[in-house]
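Enquirer: have a look; sequence and predicted model below, questions after that.
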Amino acid sequence: MPAFFLISAGIFSLTACLNIPPTPTPATHTPTAITPVTLPYPQPAATATPRAYPPATSPPTATPHAYPAATNTPRPAPTTTPPPHTPAPFVAYFAFFPGPPLPTATATPAPTNTPVPTPTPTIDFQAVRAQLQAGGQDLGFVKIGFHVGLGGNMIGLSDWMRGLDAAGVPFFLKSVDNAGPLVDAQAIAQASGVPHTLVFRRAGDNYDTPNYDLPPAEAANQHWALHKAALPPELDPNLVWIETINEVDKGRSAWLAEFALETARLALADGYRWAAFGWSSGEPEISDWQSPAMLRFLRLAGEHPDRIAIALHEYSFKADEIGHDYPFKLGRFQLLYQVCDQVGIPRPTVLITEWGWEYDNVPGLDEAMRDIAWASALYAPYPEVKGAALWYLGPGYNNIADKAHIFMIPLRDYALGHYFAVPLRPAQAPINPEQYRP
């Protein structure tokens, strides 16, 4: 059960789904009237007494070996040349909020620099943050964003970004081999100052994993030089995180810890933001976080939260059960924070650079939005978790882009209409997975 409370000006109710006490709507905010619909998404009730969070020094409630490893069906790598793909026409979705609709787009995106109206946000997030902080809490946003690539179906992506940015809502965007969306995103961030989270990765056999046959420091220097040379120069290293490895060999965690430590030092010296590992869903083992070399790396990451991050993947591997094996797959980031808390290391920045259900499938809209609402509640109390990239708007994988694309407008409107009351630093949400069990 969540230890914090979703406060919504939208139409959904976490309390209805999870039977948690509701949080009062801030007295100074009157949301725009909304016509309810029958979709069973979370929406809190109107009055309640917020539950207090333990102080930052509270000990973790779980033991170091509380979670077994997850059963993991590896996601096959994409083919070198994706199959031909024609994006489905974009259909705007407006079940959530009244107001001016987006025009229906064709498969050919509209010219850039043409503003498209978006629904007026129903929440003054700046006022809500001030009121929450005055009461000893802080504002948490919906953190689910998108994973894109070369091709696929990204129609309306710029409008999604600009709609959230205009409301002051940070978005999360990861792109592989395609700097274009990130160039657009970083321009938006530079103009507004909203702390959006942007991630770039160069893919391919030489880029995905380092040379395990070399000593880790030597491999780190070679691999870092390879990625630096391939980094699109138009990306701002002060705004864009660079993810250089992907779904690494979990049997080499000690080697990878030394590799990560050296790569982190190189990234810091060169002025980049670097995200380590890209562990597959269900990995690594909790003992892998506890080796001496890994603890040295985690301490360095904890000391540089704006420059060094941990990249994780969280999939359920089931389109009809987002919480399958929770917290062994989704929610596994809590193991990392449990270890850090126990040894006195600041919780490092986490980027969930792939998130979802199956590598080539997603559920229908109603079920997907319920799952997104639950995951948003799971990640919100942890400010170090910057967001999760929903898989996938890129090419291949049984044309998953067209299936996932239908979430774009509902997800935008959900993020514009919902927020969470979370611990105000230096207080921290406790590591107790049972609080968030779906």
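Expert: Arrived safely, thanks for sending.
Enquirer: can you tell me the element the residue positioned nearest the centre of the chain falls in?
Expert: Nearest residue to the geometric centre of the chain (C-alpha atoms, centre = their mean): Ala388, 1.5 Å. Assigned by DSSP states H and E, Ala388 belongs to strand 385-390.
Enquirer: need the residues that contact the helix or strand following that strand.
Expert: Moving toward the C-terminus from strand 385-390, the next helix or strand (DSSP H and E) is helix 400-405. Helix 400-405 is touched from outside by 85, 87-88, 90, 146, 151-156, 356, 359-362, 390-395, with contacts defined as C-beta atoms under 8 Å, 6 or more residues apart in numbering. For every residue, glycine as well, the C-beta is placed using N, CA and C.
Enquirer: how about stretch 192-211: buried residues?
Expert: Of the residues in stretch 192-211, 194, 196-202, 207-210 count as buried by neighbour count, 16 or more other C-beta atoms under 10 Å.
Enquirer: save the residues you listed as a markdown table, and put in distance to Asp138 and secondary structure too.
Expert: Below are those laid out as a markdown table (distance: C-beta to C-beta, whole Å; DSSP: H, G, I helix; E, B strand; the rest coil):
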| residue | distance to Asp138 | secondary structure |
| --- | --- | --- |
| Val194 | 16 | coil |
| His196 | 18 | coil |
| Thr197 | 17 | strand |
| Leu198 | 23 | strand |
| Val199 | 24 | strand |
| Phe200 | 29 | strand |
| Arg201 | 30 | strand |
| Arg202 | 35 | coil |
| Tyr207 | 37 | helix |
| Asp208 | 37 | helix |
| Thr209 | 38 | coil |
| Pro210 | 38 | coil |
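Enquirer: neighbouring contacts of the strand holding Ala388?
Expert: Taking C-beta under 8 Å, 6+ apart as the rule, strand 385-390 contacts 143-147, 170-174, 197, 199, 309, 314, 333, 349-356, 372, 375, 379, 404, 407, 411.
Enquirer: now with 6 Å, please.
Expert: Under the criterion C-beta atoms under 6 Å, 6 or more residues apart in numbering, residues 143-147, 172, 174, 197, 350-353, 355-356, 379 lie in contact with strand 385-390.
Enquirer: distance between that strand and the chain's centre?
Expert: 0 Å (C-alpha atoms, centre = their mean, to the nearest Å).
Enquirer: avg pLDDT for that strand?
Expert: Average pLDDT, strand 385-390: 98.
Enquirer: angle of it against strand 197-201?
Expert: On the basis of axes from the mean of the first three to the mean of the last three C-alpha atoms, to 10 degrees, strand 385-390 is oriented at 60 degrees to strand 197-201.
Enquirer: export strand 385-390 as CSV, just CAs?
Expert: Only the C-alpha atoms of strand 385-390 are listed here, as CSV (Å, rounded to 0.1, in the frame of the first residue of the first chain):
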residue,chain,number,x,y,z
VAL,A,385,14.2,8.0,-9.5
LYS,A,386,14.0,10.6,-12.4
GLY,A,387,11.6,8.6,-14.5
ALA,A,388,10.9,5.6,-16.7
ALA,A,389,10.9,5.3,-20.5
LEU,A,390,7.9,3.4,-21.8
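Enquirer: state the mean pLDDT of the helix or strand harbouring Asp341.
Expert: In this assignment (DSSP H and E), Asp341 forms part of helix 333-343. Here helix 333-343 scores 98 as its mean pLDDT.
Enquirer: what comes up buried for it?
Expert: For helix 333-343, by 16+ other C-beta under 10 Å, it's 333-341.
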